[in-house]
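> please work out how this folds:
(chains A and B)
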Amino acid sequence: MSGRIKEFTKGFFSENPTFIVVLGLCPTLSVSTQVSNGLGMGLAATFVLFFSNIIISSMRKIIPDSIHIPAYIVIISTLVTLIQMFLQAYMPSLNEALGVYLPLIVVNCIILGRAEAFAKYRGVADSALDGLGMGLGLTMNLVFISLIREVIGNGTITLFPTKNWNGVINIPLFGTYPVRVLAASAGALLLMGYLMPLFKDLVAKMEAKK
Amino acid sequence: MTKNARYTLILFSICAVCALILAIANSIFSPIIATHQQEANNAAMKPLSSGYTIGEALAVEGNANVTMEYPLTEKGKVVGYILAITGKGYGGAFDLLASYKSNGALIAAQMMKDNETPGLGKKSEEDWYMKKFIGTGTKDKPVPTAKSQLSSADSDAISGASVTFGGVSKALAAGAAYVVAKGGSK
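Model prediction:
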(Lines give C-alpha, C1' and ligand atoms only; values in the text may rest on other atoms or scores of the structure.)
Protein backbone atom coordinates (compact mmCIF):
# COMPACT_ATOMS: atom_id res chain seq x y z
CA MET A 1 0.00 0.00 0.00
CA SER A 2 2.82 2.41 0.89
CA GLY A 3 4.25 1.74 -2.60
CA ARG A 4 0.99 2.91 -4.11
CA ILE A 5 1.03 6.06 -1.97
CA LYS A 6 4.59 6.71 -3.12
CA GLU A 7 3.50 6.44 -6.77
CA PHE A 8 1.03 9.25 -6.05
CA THR A 9 3.20 11.52 -3.88
CA LYS A 10 6.41 11.38 -5.94
CA GLY A 11 4.93 13.86 -8.44
CA PHE A 12 4.78 16.51 -5.72
CA PHE A 13 8.35 16.31 -4.39
CA SER A 14 10.94 13.65 -5.26
CA GLU A 15 10.05 13.53 -9.00
CA ASN A 16 8.36 16.92 -9.30
CA PRO A 17 7.93 17.41 -13.08
CA THR A 18 8.91 21.09 -13.16
CA PHE A 19 11.53 21.61 -10.47
CA ILE A 20 13.23 18.18 -10.29
CA VAL A 21 12.69 16.42 -13.64
CA VAL A 22 12.52 19.80 -15.50
CA LEU A 23 9.90 18.83 -18.08
CA GLY A 24 7.17 20.87 -19.79
CA LEU A 25 8.79 24.24 -19.13
CA CYS A 26 7.33 26.03 -22.20
CA PRO A 27 3.71 26.09 -20.97
CA THR A 28 4.91 26.59 -17.38
CA LEU A 29 6.74 29.78 -18.29
CA SER A 30 4.16 31.11 -20.73
CA VAL A 31 0.79 30.58 -19.03
CA SER A 32 1.87 31.36 -15.46
CA THR A 33 0.94 35.03 -15.78
CA GLN A 34 -2.35 34.65 -13.87
CA VAL A 35 -3.38 32.19 -11.15
CA SER A 36 -6.54 31.22 -13.08
CA ASN A 37 -4.45 30.35 -16.16
CA GLY A 38 -2.00 28.28 -14.11
CA LEU A 39 -4.81 26.42 -12.35
CA GLY A 40 -6.71 25.82 -15.61
CA MET A 41 -3.64 24.60 -17.48
CA GLY A 42 -2.64 22.36 -14.56
CA LEU A 43 -6.06 20.74 -14.27
CA ALA A 44 -6.31 20.26 -18.05
CA ALA A 45 -2.89 18.54 -18.06
CA THR A 46 -3.92 16.45 -15.03
CA PHE A 47 -7.02 15.20 -16.86
CA VAL A 48 -4.92 14.24 -19.89
CA LEU A 49 -2.12 12.65 -17.78
CA PHE A 50 -4.54 10.61 -15.66
CA PHE A 51 -6.53 9.16 -18.56
CA SER A 52 -3.60 8.76 -20.97
CA ASN A 53 -1.70 6.79 -18.31
CA ILE A 54 -4.75 4.55 -17.68
CA ILE A 55 -5.42 3.94 -21.40
CA ILE A 56 -1.76 3.41 -22.34
CA SER A 57 -1.20 1.10 -19.38
CA SER A 58 -4.26 -0.99 -20.19
CA MET A 59 -3.18 -1.26 -23.84
CA ARG A 60 0.52 -1.87 -23.17
CA LYS A 61 0.31 -5.50 -24.29
CA ILE A 62 -1.65 -4.64 -27.46
CA ILE A 63 0.43 -1.73 -28.80
CA PRO A 64 3.70 -3.01 -30.38
CA ASP A 65 6.91 -1.13 -29.66
CA SER A 66 7.44 -0.14 -33.31
CA ILE A 67 4.24 1.94 -33.44
CA HIS A 68 3.93 3.06 -29.83
CA ILE A 69 4.71 6.76 -30.43
CA PRO A 70 2.01 7.34 -33.11
CA ALA A 71 -0.45 5.29 -31.04
CA TYR A 72 0.30 7.37 -27.91
CA ILE A 73 0.00 10.63 -29.86
CA VAL A 74 -3.43 9.63 -31.19
CA ILE A 75 -4.66 8.71 -27.69
CA ILE A 76 -3.23 11.86 -26.06
CA SER A 77 -4.48 14.17 -28.83
CA THR A 78 -7.98 12.69 -28.46
CA LEU A 79 -7.94 13.50 -24.74
CA VAL A 80 -6.61 17.02 -25.41
CA THR A 81 -9.32 17.64 -28.03
CA LEU A 82 -11.95 16.50 -25.53
CA ILE A 83 -10.71 18.90 -22.84
CA GLN A 84 -10.46 21.70 -25.44
CA MET A 85 -14.09 21.12 -26.53
CA PHE A 86 -15.15 21.14 -22.87
CA LEU A 87 -13.36 24.45 -22.21
CA GLN A 88 -14.74 26.02 -25.41
CA ALA A 89 -18.22 25.05 -24.29
CA TYR A 90 -18.10 25.91 -20.59
CA MET A 91 -15.03 28.09 -19.93
CA PRO A 92 -14.33 30.01 -23.18
CA SER A 93 -12.35 32.79 -21.49
CA LEU A 94 -9.92 30.24 -20.01
CA ASN A 95 -9.70 28.51 -23.40
CA GLU A 96 -8.76 31.85 -24.97
CA ALA A 97 -6.25 32.66 -22.23
CA LEU A 98 -4.46 29.30 -22.59
CA GLY A 99 -4.37 29.82 -26.36
CA VAL A 100 -1.99 27.64 -28.31
CA TYR A 101 -0.59 25.98 -25.15
CA LEU A 102 -3.76 23.97 -24.62
CA PRO A 103 -3.56 22.01 -27.92
CA LEU A 104 0.20 21.78 -27.36
CA ILE A 105 -0.44 19.54 -24.32
CA VAL A 106 -0.39 16.80 -26.99
CA VAL A 107 3.37 17.11 -27.25
CA ASN A 108 4.00 18.07 -23.61
CA CYS A 109 7.10 16.24 -22.42
CA ILE A 110 5.51 15.34 -19.08
CA ILE A 111 2.63 13.42 -20.68
CA LEU A 112 4.69 11.57 -23.29
CA GLY A 113 7.42 11.12 -20.68
CA ARG A 114 5.11 9.42 -18.17
CA ALA A 115 3.63 7.24 -20.92
CA GLU A 116 7.10 6.19 -22.05
CA ALA A 117 8.76 5.83 -18.67
CA PHE A 118 5.92 4.51 -16.54
CA ALA A 119 2.53 3.59 -18.06
CA LYS A 120 4.17 1.51 -20.79
CA TYR A 121 5.56 -0.92 -18.18
CA ARG A 122 3.25 -0.74 -15.16
CA GLY A 123 -0.27 -1.77 -14.19
CA VAL A 124 -3.38 0.37 -14.51
CA ALA A 125 -3.74 1.29 -10.81
CA ASP A 126 -0.10 2.37 -10.44
CA SER A 127 -0.25 4.31 -13.73
CA ALA A 128 -3.45 6.07 -12.69
CA LEU A 129 -1.87 7.14 -9.38
CA ASP A 130 1.32 8.22 -11.18
CA GLY A 131 -0.69 10.31 -13.68
CA LEU A 132 -2.80 11.89 -10.97
CA GLY A 133 0.21 12.67 -8.75
CA MET A 134 2.28 14.10 -11.61
CA GLY A 135 -0.70 16.16 -12.85
CA LEU A 136 -1.48 17.58 -9.43
CA GLY A 137 2.23 18.20 -8.83
CA LEU A 138 2.35 20.19 -12.08
CA THR A 139 -0.83 22.07 -11.05
CA MET A 140 0.78 22.91 -7.69
CA ASN A 141 3.87 24.28 -9.48
CA LEU A 142 1.86 26.30 -11.97
CA VAL A 143 -0.33 27.85 -9.27
CA PHE A 144 2.70 28.62 -7.09
CA ILE A 145 4.65 30.27 -9.94
CA SER A 146 1.55 32.14 -11.17
CA LEU A 147 0.79 33.37 -7.68
CA ILE A 148 4.27 34.87 -7.21
CA ARG A 149 4.34 36.38 -10.72
CA GLU A 150 0.85 37.86 -10.56
CA VAL A 151 1.02 39.20 -7.00
CA ILE A 152 4.44 40.85 -7.34
CA GLY A 153 4.30 41.61 -11.07
CA ASN A 154 0.75 42.92 -11.29
CA GLY A 155 -0.59 43.37 -7.75
CA THR A 156 -3.58 41.07 -8.32
CA ILE A 157 -4.73 37.48 -7.87
CA THR A 158 -7.01 36.44 -10.71
CA LEU A 159 -9.37 33.55 -10.00
CA PHE A 160 -12.53 32.50 -11.83
CA PRO A 161 -15.29 35.16 -12.00
CA THR A 162 -18.79 34.53 -10.69
CA LYS A 163 -22.05 36.39 -11.35
CA ASN A 164 -21.45 38.90 -8.56
CA TRP A 165 -17.64 39.01 -8.55
CA ASN A 166 -15.12 39.68 -11.30
CA GLY A 167 -12.69 37.12 -9.84
CA VAL A 168 -9.85 39.58 -9.19
CA ILE A 169 -8.33 40.19 -5.74
CA ASN A 170 -6.28 43.40 -5.58
CA ILE A 171 -3.11 43.38 -3.49
CA PRO A 172 -2.56 46.84 -1.92
CA LEU A 173 1.22 47.40 -2.02
CA PHE A 174 2.04 45.61 -5.29
CA GLY A 175 -1.07 47.07 -6.93
CA THR A 176 0.51 50.52 -6.57
CA TYR A 177 4.13 49.50 -7.13
CA PRO A 178 4.17 46.32 -9.25
CA VAL A 179 7.52 44.74 -10.19
CA ARG A 180 6.64 44.46 -13.87
CA VAL A 181 9.61 42.31 -14.85
CA LEU A 182 8.07 39.33 -13.05
CA ALA A 183 4.92 39.53 -15.18
CA ALA A 184 7.07 39.56 -18.36
CA SER A 185 8.64 36.45 -19.94
CA ALA A 186 12.11 37.31 -18.61
CA GLY A 187 10.63 37.40 -15.09
CA ALA A 188 9.38 33.82 -15.47
CA LEU A 189 12.89 32.60 -16.29
CA LEU A 190 14.37 34.66 -13.46
CA LEU A 191 11.88 33.21 -10.98
CA MET A 192 12.52 29.65 -12.17
CA GLY A 193 16.24 30.24 -11.62
CA TYR A 194 15.56 30.97 -7.94
CA LEU A 195 12.80 28.43 -7.34
CA MET A 196 14.59 25.40 -8.80
CA PRO A 197 17.58 25.31 -6.38
CA LEU A 198 15.31 26.24 -3.46
CA PHE A 199 12.97 23.36 -4.27
CA LYS A 200 15.83 20.91 -4.84
CA ASP A 201 17.34 21.91 -1.49
CA LEU A 202 13.97 21.42 0.24
CA VAL A 203 13.52 17.95 -1.30
CA ALA A 204 17.11 16.96 -0.43
CA LYS A 205 16.48 17.92 3.22
CA MET A 206 13.23 15.95 3.24
CA GLU A 207 14.97 12.89 1.78
CA ALA A 208 17.81 13.20 4.34
CA LYS A 209 15.31 13.22 7.23
CA LYS A 210 13.93 9.88 6.02
CA MET B 1 -1.09 -11.89 -41.27
CA THR B 2 2.19 -10.06 -41.88
CA LYS B 3 3.71 -7.91 -39.19
CA ASN B 4 3.10 -4.67 -41.10
CA ALA B 5 -0.54 -5.53 -41.76
CA ARG B 6 -1.04 -6.26 -38.05
CA TYR B 7 0.55 -2.93 -37.07
CA THR B 8 -1.64 -1.12 -39.58
CA LEU B 9 -4.73 -2.81 -38.23
CA ILE B 10 -3.86 -1.92 -34.63
CA LEU B 11 -3.19 1.74 -35.49
CA PHE B 12 -6.32 1.91 -37.62
CA SER B 13 -8.41 0.47 -34.77
CA ILE B 14 -7.03 2.98 -32.26
CA CYS B 15 -7.70 5.85 -34.70
CA ALA B 16 -11.23 4.59 -35.41
CA VAL B 17 -12.14 4.35 -31.70
CA CYS B 18 -10.66 7.83 -31.04
CA ALA B 19 -12.56 9.28 -34.02
CA LEU B 20 -15.79 7.75 -32.73
CA ILE B 21 -15.27 9.19 -29.24
CA LEU B 22 -14.51 12.63 -30.72
CA ALA B 23 -17.56 12.47 -32.99
CA ILE B 24 -19.81 11.73 -30.00
CA ALA B 25 -18.17 14.51 -27.96
CA ASN B 26 -18.54 16.91 -30.89
CA SER B 27 -22.24 16.17 -31.19
CA ILE B 28 -22.61 16.98 -27.47
CA PHE B 29 -20.40 20.08 -27.27
CA SER B 30 -20.83 21.78 -30.67
CA PRO B 31 -24.41 23.08 -30.04
CA ILE B 32 -23.25 24.52 -26.70
CA ILE B 33 -20.19 26.11 -28.35
CA ALA B 34 -22.36 27.54 -31.16
CA THR B 35 -24.85 28.99 -28.65
CA HIS B 36 -22.03 30.51 -26.67
CA GLN B 37 -20.46 32.07 -29.78
CA GLN B 38 -23.83 33.49 -30.79
CA GLU B 39 -24.22 35.01 -27.32
CA ALA B 40 -20.70 36.51 -27.54
CA ASN B 41 -21.54 38.00 -30.98
CA ASN B 42 -24.81 39.38 -29.67
CA ALA B 43 -23.01 40.92 -26.68
CA ALA B 44 -20.56 42.61 -29.08
CA MET B 45 -23.44 43.84 -31.27
CA LYS B 46 -25.74 45.03 -28.46
CA PRO B 47 -24.09 48.47 -28.07
CA LEU B 48 -24.49 48.92 -31.84
CA SER B 49 -28.18 47.99 -31.95
CA SER B 50 -29.46 51.23 -30.37
CA GLY B 51 -32.15 49.28 -28.54
CA TYR B 52 -33.58 47.59 -31.65
CA THR B 53 -33.99 43.80 -31.81
CA ILE B 54 -31.13 42.00 -33.58
CA GLY B 55 -32.35 39.41 -36.11
CA GLU B 56 -30.82 36.28 -37.58
CA ALA B 57 -27.44 36.53 -39.32
CA LEU B 58 -27.37 36.31 -43.10
CA ALA B 59 -24.15 35.78 -45.08
CA VAL B 60 -23.65 38.33 -47.87
CA GLU B 61 -22.08 37.15 -51.09
CA GLY B 62 -20.81 39.16 -54.03
CA ASN B 63 -20.04 42.34 -52.06
CA ALA B 64 -16.41 43.44 -51.78
CA ASN B 65 -16.81 44.83 -48.25
CA VAL B 66 -19.98 43.56 -46.58
CA THR B 67 -19.73 39.94 -45.40
CA MET B 68 -22.68 39.52 -43.00
CA GLU B 69 -25.91 41.34 -42.25
CA TYR B 70 -28.11 41.27 -39.15
CA PRO B 71 -31.48 43.02 -39.53
CA LEU B 72 -32.51 45.45 -36.79
CA THR B 73 -36.23 45.29 -36.13
CA GLU B 74 -38.76 47.23 -34.10
CA LYS B 75 -42.19 45.64 -33.58
CA GLY B 76 -41.40 43.16 -36.35
CA LYS B 77 -40.49 45.85 -38.88
CA VAL B 78 -36.95 46.13 -40.27
CA VAL B 79 -35.59 49.57 -39.34
CA GLY B 80 -31.92 49.04 -40.13
CA TYR B 81 -29.02 46.63 -40.28
CA ILE B 82 -25.85 45.70 -38.44
CA LEU B 83 -23.20 44.80 -41.02
CA ALA B 84 -19.92 42.95 -40.69
CA ILE B 85 -17.60 44.89 -43.02
CA THR B 86 -14.03 44.28 -44.12
CA GLY B 87 -11.75 47.04 -45.33
CA LYS B 88 -8.10 47.77 -45.99
CA GLY B 89 -6.06 50.00 -43.71
CA TYR B 90 -2.36 50.80 -43.37
CA GLY B 91 -1.61 47.40 -41.75
CA GLY B 92 -3.73 45.33 -44.13
CA ALA B 93 -7.27 44.02 -43.85
CA PHE B 94 -9.48 44.98 -40.91
CA ASP B 95 -12.95 43.88 -39.75
CA LEU B 96 -15.53 46.17 -38.24
CA LEU B 97 -19.17 46.03 -37.22
CA ALA B 98 -21.44 48.96 -38.12
CA SER B 99 -25.13 49.59 -37.63
CA TYR B 100 -27.19 51.67 -40.05
CA LYS B 101 -30.73 52.98 -40.24
CA SER B 102 -32.66 51.94 -43.35
CA ASN B 103 -31.75 55.21 -45.08
CA GLY B 104 -28.03 54.46 -44.72
CA ALA B 105 -27.36 56.75 -41.73
CA LEU B 106 -24.72 55.26 -39.46
CA ILE B 107 -25.95 54.53 -35.93
CA ALA B 108 -22.69 53.22 -34.45
CA ALA B 109 -19.54 51.35 -35.47
CA GLN B 110 -16.85 49.35 -33.73
CA MET B 111 -13.48 48.15 -35.04
CA MET B 112 -13.24 44.43 -34.23
CA LYS B 113 -9.92 43.22 -35.68
CA ASP B 114 -7.08 45.20 -37.24
CA ASN B 115 -3.32 45.44 -37.64
CA GLU B 116 -3.02 49.23 -37.59
CA THR B 117 -0.09 51.12 -36.07
CA PRO B 118 -0.28 51.49 -32.25
CA GLY B 119 -0.75 55.15 -31.30
CA LEU B 120 -1.85 56.12 -34.83
CA GLY B 121 -4.23 53.87 -36.79
CA LYS B 122 -4.94 51.82 -33.65
CA LYS B 123 -6.96 54.81 -32.40
CA SER B 124 -9.71 53.53 -34.71
CA GLU B 125 -10.50 50.93 -31.99
CA GLU B 126 -11.44 53.67 -29.51
CA ASP B 127 -15.05 54.78 -29.02
CA TRP B 128 -14.52 58.41 -30.00
CA TYR B 129 -13.00 57.55 -33.37
CA MET B 130 -16.23 56.37 -34.98
CA LYS B 131 -18.33 59.24 -33.57
CA LYS B 132 -17.35 61.55 -36.44
CA PHE B 133 -19.14 59.19 -38.85
CA ILE B 134 -22.42 58.85 -36.90
CA GLY B 135 -25.43 60.12 -38.84
CA THR B 136 -23.55 60.12 -42.14
CA GLY B 137 -24.20 57.74 -45.03
CA THR B 138 -27.42 59.21 -46.41
CA LYS B 139 -27.75 60.95 -49.81
CA ASP B 140 -27.80 64.38 -48.12
CA LYS B 141 -24.96 63.66 -45.73
CA PRO B 142 -22.43 61.25 -47.23
CA VAL B 143 -19.70 59.53 -45.22
CA PRO B 144 -16.65 61.86 -45.08
CA THR B 145 -13.89 60.14 -47.06
CA ALA B 146 -11.36 63.01 -47.12
CA LYS B 147 -9.74 64.94 -44.28
CA SER B 148 -10.99 68.18 -45.84
CA GLN B 149 -14.57 67.05 -45.07
CA LEU B 150 -13.84 66.88 -41.33
CA SER B 151 -13.83 69.58 -38.66
CA SER B 152 -10.37 70.83 -37.72
CA ALA B 153 -10.52 68.94 -34.37
CA ASP B 154 -11.44 65.65 -36.08
CA SER B 155 -8.84 66.25 -38.77
CA ASP B 156 -6.13 66.78 -36.12
CA ALA B 157 -7.25 63.62 -34.26
CA ILE B 158 -6.58 61.41 -37.27
CA SER B 159 -3.32 63.14 -38.14
CA GLY B 160 -0.61 60.61 -38.99
CA ALA B 161 -3.15 57.89 -39.78
CA SER B 162 -4.73 59.11 -43.02
CA VAL B 163 -4.57 55.67 -44.65
CA THR B 164 -6.53 54.11 -41.76
CA PHE B 165 -9.08 56.93 -41.94
CA GLY B 166 -9.42 56.42 -45.70
CA GLY B 167 -9.91 52.67 -45.25
CA VAL B 168 -12.45 53.03 -42.43
CA SER B 169 -14.44 55.74 -44.21
CA LYS B 170 -14.53 53.75 -47.47
CA ALA B 171 -15.67 50.63 -45.60
CA LEU B 172 -18.41 52.59 -43.79
CA ALA B 173 -19.47 54.24 -47.06
CA ALA B 174 -19.68 50.80 -48.70
CA GLY B 175 -21.88 49.63 -45.82
CA ALA B 176 -24.15 52.66 -46.18
CA ALA B 177 -24.39 52.06 -49.96
CA TYR B 178 -25.29 48.42 -49.30
CA VAL B 179 -28.11 49.37 -46.92
CA VAL B 180 -29.43 52.03 -49.32
CA ALA B 181 -29.30 49.54 -52.20
CA LYS B 182 -31.51 47.18 -50.20
CA GLY B 183 -34.27 49.68 -50.80
CA GLY B 184 -34.53 51.32 -47.44
CA SER B 185 -33.65 54.89 -48.54
CA LYS B 186 -36.59 57.26 -48.60
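
> tell me which stretches of chain B form helices.
B:3-45, B:127-131, B:152-157, B:162-179 (DSSP state H).

> just the ones you listed: most buried one?
helix B:162-179 (a mean of 23; mean count of other Cβ atoms under 10 Å in any protein chain shown). Just so you know, the C-beta spots here come from the backbone N, C-alpha and C atoms, and that holds for glycine as well.

> which secondary structure elements does that one contact?
For helix B:162-179, the packing partners by 3 or more Cβ pairs under 8 Å, 6 or more residues apart in numbering or on different chains; DSSP states H and E come out as strand B:66-74, strand B:77-89, strand B:92-101, strand B:106-113.

> go with 6 Å
Of the remaining helices and strands, those touching helix B:162-179 by 3 or more Cβ pairs under 6 Å, 6 or more residues apart in numbering or on different chains; DSSP states H and E are strand B:77-89, strand B:92-101.

> nearest to A:Gly123, out of the ones you listed?
strand B:92-101 (53.6 Å; Cβ to Cβ).

> so what touches the closest one?
Applying Cβ atoms under 6 Å, 6 or more residues apart in numbering or on different chains, the external contacts of strand B:92-101 come out as B:48, B:80-87, B:106-115, B:172, B:175, B:179.

> so can I have CSV of the helices and strands packed on helix B:162-179 showing mean pLDDT?
As requested, these are arranged in CSV below (pLDDT from 0 to 100):
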stretch, mean pLDDT
strand B:77-89, 93
strand B:92-101, 92
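
> a markdown table for the ones you listed, including mean neighbour count?
Supplementary listing: those in a markdown table, determined by neighbours: other Cβ atoms under 10 Å in any protein chain shown:
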| stretch | mean neighbour count |
| --- | --- |
| strand B:77-89 | 21 |
| strand B:92-101 | 21 |
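
> looking at the ones you listed, which is nearest to A:Thr176?
Comparing the helices and strands packed on helix B:162-179 by Cβ to Cβ, strand B:92-101 comes nearest, at 36.8 Å.

> that closest one pairs with which strands?
Partners of strand B:92-101 in the sheet, by DSSP bridges, are strand B:77-89 (antiparallel), strand B:106-113 (antiparallel).

> now do it against helix B:3-45, angle only.
40 degrees (axes from the mean of the first three to the mean of the last three Cα atoms, to 10 degrees).

> need the residues that contact the one helix or strand in chain B whose mean pLDDT sits lowest.
Least confident helix or strand of chain B, by mean pLDDT, DSSP states H and E, is helix B:152-157 with a mean of 79. Applying Cβ under 6 Å, 6+ apart, the contact partners of helix B:152-157 are B:Lys132, B:Lys147.

> quick one: the helices in chain A, in order.
A:2-9, A:25-31, A:35-58, A:68-90, A:92-98, A:109-114, A:124-154, A:172-176, A:180-183, A:185-209.

> which of those helices sits closest to chain B?
helix A:68-90 (4.1 Å; Cβ to the nearest Cβ).

> which other helices and strands does the closest one contact?
So helix A:68-90, by 3+ Cβ pairs under 6 Å, 6+ apart, packs with helix A:35-58, helix A:92-98, helix B:3-45.

> okay, these in CSV with mean pLDDT and distance to B:Gly135 next?
Below are those laid out as CSV (pLDDT from 0 to 100; distance: least, Cβ to Cβ, whole Å):
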stretch, mean pLDDT, distance to B:Gly135
helix A:35-58, 94, 42
helix A:92-98, 83, 35
helix B:3-45, 91, 19
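
> among these, which is nearest A:Pro64?
helix B:3-45 (6.0 Å).

> just the angle for that closest one relative to helix A:68-90, thanks.
20 degrees.
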